[in-house]
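Participant: I would like the atomic coordinates for the input below:
(one chain, ligands or ions: 1)
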Amino acid sequence: MNRAAYLSAIPLVLCLAGCAKKQASTAQPAPAAYGTAIVVSSGDKQVAPTGALLSDPVVVQVNDASGNGVTGAPVWFDSEKGTAFDPAYALTDSSGQVTTNANLGGMSGNYKLKAHTQDAAGKRIDLAIDEVALGYEGQLGRTLNEQYCVRCHNPESTAVRVSNYDNLTTKPHPFTEGETLNKMSSDDLIAIISHGGPGLNKASEMPPFGYTLNKKEVQALVAYIRAVADPPYQHPGVLYAKQ
Ligand code: HEC
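Facilitator: Model prediction:
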């Protein structure tokens with residue numbers, strides 16, 4: 001073996017030990033197929049604290065023109081407002097799906113996570129996935145909601161909580177119902193939470209919480225109601241600024 005050939009063989013030998021693993025983790029598998037659409041299967045509309053991992057994974061599906069899942073199609077996620085994805089790139093599985101864990105960024109508010117695939121012609125196809133990150137105040141409101149409100153305002157029962165919704169004559173709204181709650185001013189929300197239904201000429205089945213909760217807590221509930229509204233709540237100031 002001449003000297004040049006001997007030297008060039010050294011990295012190869014070193015690589016046998018260390019590089020194989022490294023290459024496997026960074027290598028991106030090549031797409032085997034392409035779809036024409038990308039849709040969300042589950043994991044959208046979650047609410048989590050800022051900087052936290054969403055409790056459920058986000059699952060997206062790539063479909064062909066007849067709506068069937070495509071196996072081996074590329075999917076990649078864009079980090080929005082510092083959101084991290086694991087994995088950020090993958091090929092769809094045998095049901096046409098990719099599952100990723102999303103860790104929200106540090107800003108509170110509405111997140112539109114972006115997932116993409118491409119069609120056979122190389123054209124990018126985009127999908128937006130809505131999630132909500134709660135800051136400190138919103139998190140406090142979420143805890144208070146679990147403690148005092150959800151049993152009437154959410155018609156669903158869980159393993160630990162039986163919903164009282166069906167027993168109520170006047171049906172309250174889940175706080176995610178932006179169509180109704182976005183129309184109420186923040187002053188009205190504070191009034192009905194503090195003084196109960198009659199405070200706004202509404203049913204007395206909505207109890208007053210002004211004795212149980214302090215102003216900061218009522219404010220935190222309003223922040224929570226605003227944060228989870230779907231469609232998102234737009235502060236009146238934002239509307240004026242747009243006009
Ligand atoms: C015992 C059941 C009950 C509990 C507990 C309860 N609510 Fe209500 N709430 C109602 C009912 C019933 C209405 C509907 C009143 C009406 O429309 O006349 C209502 C209405 C409201 C409304 C007006 C929007 C809507 O849903 O119609 C807000 C805001 C509200 N409640 C906030 C809260 C908050 C915040 C809490 C927890 C601190 C809470 N409620 C706890 C029963 C309840």
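Participant: residue numbers of the chain in contact with the ligand?
Facilitator: Listed as neighbours of the ligand in the chain under the rule C-beta under 6 Å from any ligand atom: 148-149, 151-153, 164, 168, 170, 172-173, 181, 189, 192-193, 197, 202-203, 205-207, 209, 221. Quick note: C-beta positions are derived from backbone N, CA and C, even for glycine.
Participant: please report phi then psi for the residue positioned nearest the centre of the chain.
Facilitator: In the chain, the residue lying closest to the centroid (C-alpha atoms, centre = their mean) is E131, at 2.5 Å. Dihedral pair for E131: phi -140, psi 160, per degrees, to the nearest 10.
Participant: grab the nearest non-local neighbour of K45.
Facilitator: Counting by C-beta to C-beta, 6 or more residues apart in numbering, K45 lies nearest to D130, which is 5.6 Å off, once chain neighbours are set aside.
Participant: so who does the one you found touch?
Facilitator: 44-45, 110-113, 230 (C-beta atoms under 8 Å, 6 or more residues apart in numbering).
Participant: just to revisit the earlier point, state the pLDDT value of the closest residue to the residue nearest to the centre of the chain other than its chain neighbours.
Facilitator: Excluding its sequence neighbours, the residue lying closest to E131 (C-beta to C-beta, 6+ apart) is Y111, at 4.5 Å. On pLDDT, Y111 comes in at 96.
Participant: test my guess that Y111 contacts T83.
Facilitator: Yes - taking contacts as C-beta atoms under 8 Å, Y111 lies within contact range of T83: 6.4 Å.
Participant: sweet, I'm off.
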